[in-house]
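Sequence and predicted structure are below.
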Amino acid sequence: MMTQVLEKATETKTMTLLQALTDAMDVMLAKDPKVVMYGEDVGRLGGVYRVTTGLQGKHGEHRVFDCPLTEAGIIGTAVGAAAVGMRPVVELQFGGFMMQGFDQIFSHVSRFRYRSRGRWSTPLVIRFPFGGGKSLLEQHADSPETYLMHTPGIKVAIPSNPYDAKGMLIAAIEDNDPVVFFESIYLYREPSARMDVPTGYYTVPLGQARVAREGSDVTLVTIGTMVHTCLAAAEQAAKAGIQCEVIDLRTVVPLDMETVVASVAKTGRVVVVHEANLTLGPGAEIAALIQEKCFYELEAPVLRVASFDTMPSPFNSLNHYSRPEAHHVAEAIKNVLSA
Amino acid sequence: MANTRRTTKKGAATQTNEAMFAGSMPVASDLTPFQILAPDGKPVREDLIPDLDLVEDMYRGMSRLRHLDDKFMSLFKSQRLGNYAQFGGQEASQFGSAMALNRQTDYIAPMYRNTAAMITHGWSIQNAIMYWRGHPEGWRLPDTANILPVIISIPGQVLHAAGAALGLKAQGTGGVVMTYVGEGGTSQGDVHAAINFASARKDPCVFIIENNGWAISVPRQVQSGVDYLVRRSVGYDIPGYLVDGNDILAVNTVSKKAVQDARDGKGPSLIEHMTYRIRPHTTGDDPKAYRDENAEPEFWRKERDPIARVKKFLTLEKRWNDDREVAMVAEIETEFQAALEAADQVASPRPEALLEYVWQNDVWQIKEQREILKRRVAQMEGA
């Protein structure tokens, strides 16, 4: 479902999610001289995952540069730079490192507009790789979106495919509010997730969910890498005659409940699926909202499939028991139908 | 433990320092704070005395700020102001440094005790009254004043300053950013992150440590084992200046130098002002619980007052007399009363202000909460 207006984007190219993100930043560096990109490794190396590869060479060291290793410093300076008119797009090496700069996000990135009654704003983007599915070290697989959902004043984007990733990143850079942008480590180079992406400028608005698969029996509400997990589960369920509707939220802030409510009105049964751990994860808020807004449409309790309440496990050979997989979602689909 | 750096040059200068800066200087040191005027108003550096018109401006400026601080305290006592963080005693430190900036091109990244620096950089007294009253209109500073939001959770402002310096340099504005942190705030890691960041990039930023001896109840000695915090400038390979923060001529001379260096592309400087918090931490604090108000603070009030020092100098120079003093005080009082009356005439805050400016465009949750607010307001009005 790609209904967005494409401007000067007649040509397309097959891209991975990673390539689409690089392309988005290339487009914006060319379009807006106020855009600067920095972080640790983003300059010469092109980032630990090479998302900024080639951008320093093409746009110059004054536009794309390395800086001291300090998440608080990267985020805190981006606040000041954005306040005086820049559009900083800063990279953290991993979502698990966000907490080292979280005071700046919680206390300042999110509050400059409110604190100054609109005199100052912080139009910046904080990008980082997140999530599991690859065998990585501790703090390299976190999904910390919950902390951001509880912090008013910022937007939180978690794209699930290359087309959305590029259009949402461009929208994020142009947004006058700060955006924290989650990039799926699992999907970065995943060949099966490659798709044709317009080569020029286009945007995908932040705050509009996407119906990734239509169905009438069960609604799967999800985001990011888990969209693919849910699509796989839906495919399996279809073989048994169960039609699942998969909603890719795209952003958890703003949260598009209209799309969710419309789907629940149709199915009456919901499973929320996310990588963040269960307790007070995004599913807690979404389930609470569904019972407030769709109580009389519900045929069963809202179920959640999420990681266990541990830290994202570094025990790689065991992690598939915790991080949601298609068969965990399949079990929840069965349960929500039999309730 | 022997520290060779400190034990090499103990002597007369050290004795003088300990007497001069009792309280805010924890240990003996071979460093001597830079000074142009001695506490008795006599120049120690005749060669650095500026034009006397400028000195008179400094005296008038600091007197105006002290009057404001006094008035704010009395407004708090009569419940016409909220909790307020006094800067009394630090007028030279804040006025002398902020007046080195160009209001059009330069920025201040302030913390809560910087009312004096902010007024100097274009904040209006009326707006300041409303800020400290917790009135929404006071939280929007005048668009003409290049002052970033006041930071309560120290030391976020120091990183904002480094970032604003990055941004001004990228835009080639020639602007400079000045930021302030107390000696207590320097214990936070973000201060290191900020100075290191600006130093590595040679961005136009001036970092000022206002060492006023106290972080609420915690004395300077507890914050660090180093004699002077400005020693840290060596680790960033940037200029570091130790200044008698109650000598406005010294403060202003050093600030001008640091600002000019930043503007010329020479990068940041670190300045430590040796000053003293003669007043409580805030209007909610009672210093009698942790220090003898008749001892050290009284010494600073009586013997080290930054305003009295300049007055003594101007009097010695025959530039000041009682008639001028009376006329100045009347002018200051008239200005303050006009600002207070204007602030008093501003309508009470609209409840809607609670839910404004969270995001640029309201998310649906804000819209729903606005409906709840409307009902609550209607209930209150009906009650």
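Now that the structure is in, tell me what you want to look at. Keep in mind that this is a model prediction, so the values were computed, not measured. Numbers count the residues shown, from 1 in each chain, chains lettered A, B, ... in the order given.

make it CA atoms for all contacts and neighbour counts henceforth
OK.

Which positions within stretch A:164-176 qualify as buried?
Neighbour-count burial for stretch A:164-176, counted by 16 or more other Cα atoms under 10 Å in any protein chain shown, picks out A:164-176.

Redo those residues as CSV? Include distance to B:L68, secondary structure and pLDDT.
What follows is these, written out as CSV (distance: Cα to Cα, whole Å; DSSP: H, G, I helix; E, B strand; the rest coil; pLDDT from 0 to 100):
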residue, distance to B:L68, secondary structure, pLDDT
A:D164, 55, helix, 98
A:A165, 53, helix, 98
A:K166, 53, helix, 98
A:G167, 52, helix, 98
A:M168, 50, helix, 98
A:L169, 48, helix, 98
A:I170, 48, helix, 98
A:A171, 46, helix, 98
A:A172, 44, helix, 98
A:I173, 43, helix, 98
A:E174, 43, helix, 98
A:D175, 41, coil, 98
A:N176, 37, coil, 98
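
Out of the residues you listed, which comes closest to A:V79?
The closest of the buried residues of stretch A:164-176 to A:V79 turns out to be A:N176 (Cα to Cα; 12.6 Å).

if we can go back for a sec, run through the buried residues of stretch A:164-176 and flag the ones next to chain B.
Applying Cα under 8 Å from any Cα of the partner chain to these, one finds that A:N176 fall near chain B.

from the buried residues of stretch A:164-176, which single one is nearest A:A330?
A:D164 (25.9 Å).

you'd agree that closest one is up against A:V204?
Yes - in this structure, A:D164 sits in contact with A:V204. The criterion is Cα atoms under 8 Å, and the distance is 6.2 Å.

Might you report the residue contacts of the residue in the stretch 151-300 of chain B that chain A sits nearest to?
Of the residues in the stretch 151-300 of chain B, the one nearest chain A is B:G163, at a distance of 3.5 Å by Cα to the nearest Cα. For B:G163, the contacting residues are A:G76, A:T77, A:A78, A:V79, A:G80, A:A81, by Cα atoms under 8 Å, 6 or more residues apart in numbering or on different chains.

ChimeraX command for the buried members of the residues you listed?
In ChimeraX, a selection of the buried entries from the contacts of B:G163 looks like this (16+ other Cα under 10 Å):
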select /A:76,77,78,79,80,81
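
ok, and which of the contacts of B:G163 reach chain B?
Near chain B, judged by Cα under 8 Å from any Cα, the entries from the contacts of B:G163 are A:G76, A:T77, A:A78, A:V79, A:G80, A:A81.

Does the fourth one lie in a helix or a strand, and which?
Which is A:V79. helix A:71-83 (DSSP states H and E).

what helices or strands is that helix leaning on?
Helix A:71-83 sits against strand A:87-91, helix A:102-104, helix B:156-171, helix B:189-201, with contacts defined as 3 or more Cα pairs under 8 Å, 6 or more residues apart in numbering or on different chains; DSSP states H and E.

Relative to chain B, which residue of the stretch 201-339 of chain A is the closest?
A:P254 (6.2 Å).

likewise the stretch 1-150 of chain A?
With Cα to the nearest Cα, the shortest gap between the stretch 1-150 of chain A and chain B falls at A:T77, namely 3.5 Å.

Identify the residue nearest residue 134 in space, chain neighbours excluded?
You didn't say which chain, so I picked chain A. Nearest residue to A:K134, sequence neighbours excluded (Cα to Cα, 6 or more residues apart in numbering or on different chains): A:Y186, at 6.3 Å.

my bad, the chain I had in mind was chain B
Nearest non-adjacent residue to B:G134, counting by Cα to Cα, 6+ apart: B:G82, 6.9 Å away.

what's around that neighbour, how many residues?
Burial measure for B:G82: 20 neighbouring residues, criterion other Cα atoms under 10 Å in any protein chain shown.

right, and it touches B:W132 too?
Yes - under the criterion of Cα under 8 Å, B:G82 lies in contact with B:W132, with a separation of 5.6 Å.
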